[in-house]
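Q: Return atomic coordinates for the entry below.
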Amino acid sequence: MAGHYKTFEEFPSSRPVTELLDSVDFPKNLRELNEAQLPRLADELREFLLYSVSQTGGHFGAGLGVVELTIALHYVFNTPYDRLVWDVGHQTYPHKILTGRRESMASMRQGGGLAGFTKRAESEYDTFGVGHSSTSISAALGMALAARQKKENRKVCAIIGDGAMTAGMAFEALNHAAHTSANMLVVLNDNQMSISHNQGGLANYFAKIWASKAYISLREGSKKVLANIPPAKEFARRTEEHMKGMVAPGTMFEELGFHYIGPINGHDIDSLVTTMRNMANLDGPQLLHVFTRKGQGFAPAEIDPVGYHAINKIEPKTAPADNSEPQLAKPAGKKIPKYQDVFGRWLCDAAARDELLVGITPAMCEGSGMVEFSKQFPDRYHDVAIAEQHSVTLAAGLACDGMKPVVAIYSTFLQRAYDQLIHDVALQNLDVTFCLDRAGLVGEDGPTHAGSFDISYLRCIPNMLVATPSDENETRLLLNTAYCHQGPAAVRYPRGMGTGVEIDPALSTVEIGKALQKQQGHSVALLNFGALLHEVTPVAENLGATLVDMRFVKPLDNALLLDLCAEHELLVTIEENSVMGGAGSAVLEFLHSQNVQTPVLQLGLPDRYVEHGKQSAMRAEVGLDAKGIEAAVRARMLALDIKPLRVTDTISSHAFAK
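A: Predicted coordinates for the structure are as follows:
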């Protein structure tokens, strides 16, 4: 087939010729094509997608798998009047190409460019913003109910897949949709990342029959005829379900109240268009089950859909680059690990020493660095799929009976399990360690994935310990400290590579709540919370300021804070978290409780969402690079008439042994 590649070297080095695709600027142009032209359009769309992602990097496999499905949806439905609600937004690159953004794909996930997910502010075709998964059915149901309330003949379709059906929220929405009898279509894009499927001509054949007008008419007519003969009606129902059950896994959805069709081949445009047309005009909740192949059109991605979930920009005749943005120049000949790999190594080492350790992840094995742990300790590894709430309460249950669970979860995804964190873990003071990857700004994935709020939402919870390591070695050290702590604890660390410091392989701990003073200075004390230490250090040197790596947000080193206030005219808190309610707020609250009036300058993320771009550029935008931090501190020093003084670095008595 056209556009099918076996290696990166076969990728088109220049923009492919896509004459038919170039004529489709918007879906209205697509709907002017003959159905016979759609397979050619799919080939051109897939080839353009391969080219564009190879130029920019980004999510890869899921988009390749939904090329035909995306074309069929826009061909059958009158978008944007009809609503398409996508789940797991990284499926939507083909959707973006067909909805007026083809020539902007070169800006994908770059500062000021297209977002990597659907975004309402970006296009009227993006009906719902998506960052987390499993939201589409709930949102689509809301739109369907709104259309009914407003008496609008608007069709609504939710497209869910790539594992999103593993989340409880999706089934909550399915249950409610059936209860409301709303007119909506759910397309289950089954790409073997969630529900298994039956393939083959017989399944496709029956799907076409079940979606046909003749079958629907016969089915509904028979119900009326047999309504007054209960035994016959029940026999007919069971016969129908048993026939379906032989070739399709639809009984569960039928029992939930959906009219189920499928599974059908999601790469067969003719079948997709025919079936969708029939289903679009049916009343009540409908579910179309299609099977697709993640990575369709690129052989390595078809074989390894997880490994090719996303790729970097393809550089000619070079291996794919690291997926993270370096924060510092790499020392010659030295490999700097990612923070997730530091966690993964610690997890394996700690598990080897403590047989009670259990690792849990909500479908983030690779992203959280747990691959090696899953291989070494398969009996103690639990991937619960996209079910963050369950992952936390599962950990609580394990802790109740003496195990020591470690939950590896992205900061932004723990937000989905906040109630479980409070009620099921912290309220019962259970011994669960939360390892929060992707804390702070995450770069190209943008605000939906940024860990901007975890310090704020964690430090207000009683019994919680909250640690903020500043580099790779501190990450390992504080992970082990949190794990050895008896009670709920969280350690937050950023996306990407570390700073290149030496990592002590020992499983050491530090005194909980004790900070590490790095430099004794004059007049100004810089209090660093987290992995911005490498940005803060040159500022301290330039200003002759005291520099403290605080290590913990909860508990704070209160004794040190009082000493610093007695010796300095200004405290500056620095964190890659929302200023509102963050670590700086914790410092202010303590000082106010002690009636200490020392001025405090809080530096952190502003009260807005920071759009996607390079991590370094995003930090510069919000003033959290060295230049921005120094400028903000100098401005406050000027206002307070404090003179900077360059000093020689010293280590004070507040440094604590590891």
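Q: what number of residues lie near the residue nearest to Gln597 when sequence neighbours are not counted?
A: Nearest-residue entry for Gln597: Leu591, 7.9 Å, with adjacent residues in sequence omitted and distances by Cβ to Cβ, 6 or more residues apart in numbering. Where C-beta positions appear, they are placed from N, C-alpha and C, glycine not excepted. Counted with other Cβ atoms under 10 Å, residues neighbouring Leu591 total 19.
Q: can you pull the pLDDT of Leu591?
A: With respect to pLDDT, Leu591 has a value of 98.
Q: isn't it right up against Pro599?
A: No. Assessed by Cβ atoms under 8 Å, Leu591 is found out of contact with Pro599, at 9.9 Å.
Q: what's in contact with stretch 116-129?
A: For stretch 116-129, the surrounding residues in contact (Cβ atoms under 8 Å, 6 or more residues apart in numbering) are 27, 58-59, 79-80, 83-86, 89-90, 92, 95-96, 99-101, 108-109, 114-115, 130-131, 135-136, 139-140, 143, 444-446, 448, 612.
Q: cutoff 7 Å now
A: 58-59, 79-80, 83-86, 89-90, 92, 99-101, 108-109, 114-115, 130-131, 139, 444-446, 448, 612 (Cβ atoms under 7 Å, 6 or more residues apart in numbering).
Q: same question, stretch 282-290
A: With Cβ under 7 Å, 6+ apart as the test, stretch 282-290 has contacts from 69, 177-178, 181-190, 216, 250, 253, 257-264, 266, 272, 275-276, 279.
Q: one more time with 8 Å
A: Contacts of stretch 282-290 (Cβ under 8 Å, 6+ apart): 69, 174, 177-178, 181-190, 195, 197, 211, 216, 248-250, 253, 257-266, 272, 275-276, 279.
Q: related to what we said a few turns ago, tell me the SS of the residue nearest to Gln597?
A: Three-state call for Leu591 (DSSP: H, G, I helix; E, B strand; the rest coil): helix.
Q: mind checking pLDDT for Val247?
A: Looking at Val247, the pLDDT reads 48.
Q: just Leu114 next, same as before
A: Leu114 is assigned 86 on the pLDDT scale.
Q: For it, which three-state class applies?
A: Leu114 falls in the coil class when you classify it by three-state DSSP.
Q: oh, and call the first residue 11 from now on, that's how I've got it
A: I'll keep to 11 as the first residue from here, and by that count the last item is Leu124.
Q: Please verify my assumption that it contacts Ser117.
A: Yes. Between Leu124 and Ser117 there is a contact under Cβ under 8 Å: 5.4 Å.
Q: These two: which is more packed in?
A: Taking other Cβ under 10 Å, Leu124 and Ser117 do not tie; Leu124 has more neighbours (21 against 14).
Q: Can you tell me the closest non-neighbouring residue to that one?
A: Nearest to Leu124 is Met118, by Cβ to Cβ, 6+ apart, at 4.9 Å.
Q: Quick check, the one you found in contact with Ile107.
A: No. Met118 is beyond contact range of Ile107, at 10.4 Å (criterion: Cβ under 8 Å).
Q: Overlap of the contact sets of the two?
A: Counting by Cβ under 8 Å, 6+ apart, the contacts common to Met118 and Ile107 are Ser62.
Q: Give me the below-cutoff pLDDT ranges for the stretch 311-460 of the chain.
A: With pLDDT under 70 as the threshold, the stretch 311-460 of the chain has low-confidence stretches at 311-343.
Q: Could you verify that Pro415 is part of a strand?
A: Yes. Under three-state DSSP, Pro415 sits within a strand.
Q: can you pull the buried residues of stretch 483-498?
A: By neighbour count with 16 or more other Cβ atoms under 10 Å, stretch 483-498 contains the buried residues 483-494, 497-498.
Q: got the residue ranges for the helices in the stretch 311-460 of the chain?
A: Assigned by DSSP state H, counting those that start in this stretch, the helices in the stretch 311-460 of the chain fall at 349-363, 381-386, 398-410, 421-424, 428-430.
Q: quick one: which of those helices is nearest Phe58?
A: Closest to Phe58 of the helices of the stretch 311-460 of the chain, according to Cβ to Cβ: helix 421-424, at 30.7 Å.
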